[in-house]
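Undergrad: okay, structure incoming, though there's no sequence with it:
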């Protein structure tokens, strides 16, 4: 029994004023008819016991509802929205297009071109990175539209291969090459080339839908920069 219920019972007992006349009458009835008096006492006892049970049930229900409400509030309070993506994140919803080129951003610049040694069956697309300061983070992405016959045949870069993680796969209608600088490695200031090689259908291939993008962190201030463009 809780302290609150004990208090309620105590207050009820203190407020009760015994009726002397009724008590005497009850004694007389009990002497005359013991069975009747016993049943009366049983009913009184049942009513006395029922009242605390009702109070306890009510308090328990209220406690359950309160606990449920606190649980709902607690869940809503600890739920945080997804963290914002980094400005240099490579998983972009909409890839850049040649028409929306931005080839310079602070210390970062770039240029896209189809290598002059490409031929009627095979081609190489070059992304030339121009860094005005050392880069401590870098992602270079080259996207080749999957026109007829396009198939990966290799890639290369002027920086050491061991400095980068490389992936080459088809994504959303493009052959995508992605070079990611490994943690702890740097790219010095200067010009650096990243190239993707691929077969294509016989004849001249139009590179108007091909694009590139570079995301980098430059200099001691770790300034983020991004450039993109096309090969038209």
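TA: Noted; the coordinates are in hand. These numbers were taken from a predicted model, which means no experiment stands behind them.
Undergrad: residue 141: what secondary structure?
TA: strand (DSSP: H, G, I helix; E, B strand; the rest coil).
Undergrad: can you name the residues bridging to it?
TA: residue 178, residue 213 (DSSP bridges).
Undergrad: cool, and the one 4 residues further on?
TA: When assigned by DSSP bridges, residue 145 has beta-bridge partners residue 174.
Undergrad: that one is in contact with residue 209, isn't it?
TA: Yes. Here residue 145 reaches residue 209: they are 3.8 Å apart, a contact under Cβ atoms under 8 Å. To be clear about C-beta, it is placed using only N, CA and C from the backbone, and glycine gets the same treatment.
Undergrad: for residue 206, which non-adjacent residue is spatially closest?
TA: Spatial nearest neighbour of residue 206, chain neighbours left out: residue 147 (7.3 Å); criterion: Cβ to Cβ, 6 or more residues apart in numbering.
Undergrad: let me fix that: residue 165
TA: Closest residue to residue 165 apart from its sequence neighbours, by Cβ to Cβ, 6+ apart: residue 180 at 4.6 Å.
Undergrad: same check, this time on residue 111
TA: residue 128 (4.6 Å).
Undergrad: thinking again about what came up before, next, the contact list for the residue nearest to residue 206, please.
TA: 200, 201, 205, 206, 209 (Cβ atoms under 8 Å, 6 or more residues apart in numbering).
Undergrad: separation between the last one and residue 227?
TA: Counting by Cβ to Cβ, to the nearest Å, the gap from residue 209 to residue 227 is 19 Å.
Undergrad: with neighbour numbers in mind, choose between the two.
TA: It is residue 227, of residue 209 and residue 227, that has more neighbours when counted by other Cβ atoms under 10 Å, with 23 against 17.
Undergrad: ok so, going back, count of residues packed around the residue nearest to residue 165?
TA: The tally of other residues near residue 180 (other Cβ under 10 Å) stands at 17.
Undergrad: contacts only, for it.
TA: For residue 180, the contact set (Cβ under 8 Å, 6+ apart) comprises 90, 138, 139, 164, 165, 166.
Undergrad: by neighbour count, which of those residues wins?
TA: Using other Cβ under 10 Å as the neighbour test, the contacts of residue 180 are led by residue 138, with 26 neighbours.
Undergrad: what's the closest non-adjacent residue to that one?
TA: Closest residue to residue 138 apart from its sequence neighbours, by Cβ to Cβ, 6+ apart: residue 181 at 4.0 Å.
Undergrad: wouldn't the one you found be in contact with residue 166 here?
TA: No. The criterion here is Cβ under 8 Å, and residue 181 misses it with residue 166 at 11.0 Å.
Undergrad: report the contact partners of residue 174.
TA: Going by Cβ under 8 Å, 6+ apart, residue 174 touches 95, 143, 144, 145, 146.
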